[in-house]
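A.B. asks: Got a sequence here, can you build the structure:
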Amino acid sequence: MSKPKCVALVPAKAHSGRLPEKNLRPFVGEKSLLDVKLEQCKASGVFDEIYVSSEAEKVAEYATRHGVDFLLRNPKWSSDATPWSEALVGLLDEMPVDDETYVAIVPVTTPLFHRYGDAVAMLEQDGRDSVMSLSAHKHYFLNPDFLPINYQWGPWHSYSQNIKPLYQMNCAFWVAKKGVMKRNRFQVGDRPAFFVTDATEGMDIDTLEEFEVAQLLFQKRFGA
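C.D. replies: Numbering: from 1, shown residues only. Model (predicted):
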């Protein structure tokens with residue numbers, strides 16, 4: 001049985017509301033988050049093709065430098081006013097692959113995550129049609145009414161190592177067939193497998209503080 005085709009979609013908006021040019025500013029040395037993510041995708045060896053999608057033509061230079069494909073997206077898909085489900089379908093429609101192709105959505109804002117081979121391999125589990133990454137958190141959480149969620153007050157209180165974790169969709173990785181994503185208008189299928197990371201591996205960068213923390217963690221973890 002032949003291996004199903006799997007391609008990477010690397011969304012790379014040129015603008016960011018909270019951190020200007022987040023994806024393109026130097027992250028480690030002269031390398032940007034986009035440079036780091038393209039190197040990780042190529043090093044994994046799991047993707048048949050890699051596509052960088054951006055509304056900015058200058059991003060094409062990054063794709064060319066790394067020897068991957070560039071897709072000039074409709075600016076509407078980069079607007080915060082566009083619902084994500086609509087943007088997702090638009091991005092997928094711009095990809096030159098058929099609906100049976102597995103598409104891995106690989107955000108550049110998670111530079112500490114690079115285990116793409118292990119994550120894609122989970123598609124081989126019985127009945128699984130997609131994979132999404134999660135971060136596990138073993139902390140004391142309260143709900144919006146300030147009541148405990150995963151622990152109890154009083155004599156029933158547990159040490160943190162004994163409580164059940166809560167899981168966060170960390171936005172590091174998703175993979176499913178293109179047609180399944182379009183049908184569900186989301187990037188998972190009906191029978192997903194869950195790839196669990198720790199809190200730092202799945203860290204998603206939105207702010208300058210997170211950017212600087214991720215720089216320190218990246219240097220410590222990868223020695224860059």
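A.B. asks: And the pLDDT at the closest residue to F141 other than its chain neighbours?
C.D. replies: Closest residue to F141 apart from its sequence neighbours, by C-beta to C-beta, 6 or more residues apart in numbering: I149 at 4.4 Å. The way it works is simple: take the backbone N, C-alpha and C, and place the C-beta from them, glycine included. Per-residue confidence for I149 comes out at a pLDDT of 94.
A.B. asks: Extract the residue ranges of the chain that are flagged as low pLDDT.
C.D. replies: The chain contains residues with pLDDT under 70 at 1-2, 224.
A.B. asks: Next, the contact list for the residue sitting nearest the centre point of the chain, please.
C.D. replies: Note on the chain: the residue nearest the mean C-alpha position is A172, at 2.7 Å, using C-alpha atoms, centre = their mean. With contact taken as C-beta atoms under 8 Å, 6 or more residues apart in numbering, A172 is in contact with P107, T110, F113, S133, T197, E201, G202, D204.
A.B. asks: just checking, the second one touches C171?
C.D. replies: Yes. Proximity of T110 to C171 meets the contact threshold set by C-beta atoms under 8 Å, at 6.5 Å.
A.B. asks: what is in contact with these two at once?
C.D. replies: G202, D204.
A.B. asks: neighbour-wise, which of these two wins?
C.D. replies: Summary of the neighbour comparison: T110 and C171, criterion other C-beta atoms under 10 Å, with T110 having more neighbours (24 against 20).
A.B. asks: how about the more buried one, what does it touch?
C.D. replies: Shown here is T110, whose contacts under the criterion C-beta under 8 Å, 6+ apart are N170, C171, A172, F173, G202, M203, D204, I205.
A.B. asks: Please report how far the residue lying farthest from the centre of the chain lies from I149.
C.D. replies: Relative to the C-alpha centroid of the chain, counting by C-alpha atoms, centre = their mean, P155 is the outermost residue, at 40.3 Å. Plainly put, P155 is 19 Å away from I149 if you go by C-beta to C-beta, to the nearest Å.
A.B. asks: Same check on V97?
C.D. replies: Here the distance between V97 and I149 works out to 41 Å (C-beta to C-beta).
A.B. asks: Could you count how many residues lie near R128?
C.D. replies: Based on other C-beta under 10 Å, the number of other residues close to R128 is 16.
A.B. asks: I'd guessed it sits against D190; true?
C.D. replies: No. At 10.0 Å, R128 does not count as touching D190 under the criterion of C-beta under 8 Å.
A.B. asks: ok, and what's touching the stretch of helix or strand V7 belongs to?
C.D. replies: Per DSSP states H and E, V7 falls inside strand 6-11. When contacts are taken as C-beta under 8 Å, 6+ apart, the neighbours of strand 6-11 outside the stretch itself are 34, 37-38, 41, 46-54, 68, 91-92, 95, 97, 101-108, 116, 120, 175.
A.B. asks: give me that answer again for 6 Å
C.D. replies: With C-beta atoms under 6 Å, 6 or more residues apart in numbering as the test, strand 6-11 has contacts from 37, 41, 47-53, 97, 102-106, 120.
A.B. asks: partners of the longest strand along the chain, with directions?
C.D. replies: Longest strand in the chain, counting residues (DSSP state E): strand 166-177. Partner strands for strand 166-177, per DSSP bridges, with pairing direction: strand 102-105 (antiparallel), strand 130-137 (antiparallel).
A.B. asks: buried sites along the lengthiest helix in the chain?
C.D. replies: With residue count as the measure and DSSP state H as the assignment, the chain has helix 208-222 as its longest helix. Neighbour-count burial for helix 208-222 flags E210, F211, A214, Q215, F218 (criterion: 16 or more other C-beta atoms under 10 Å).
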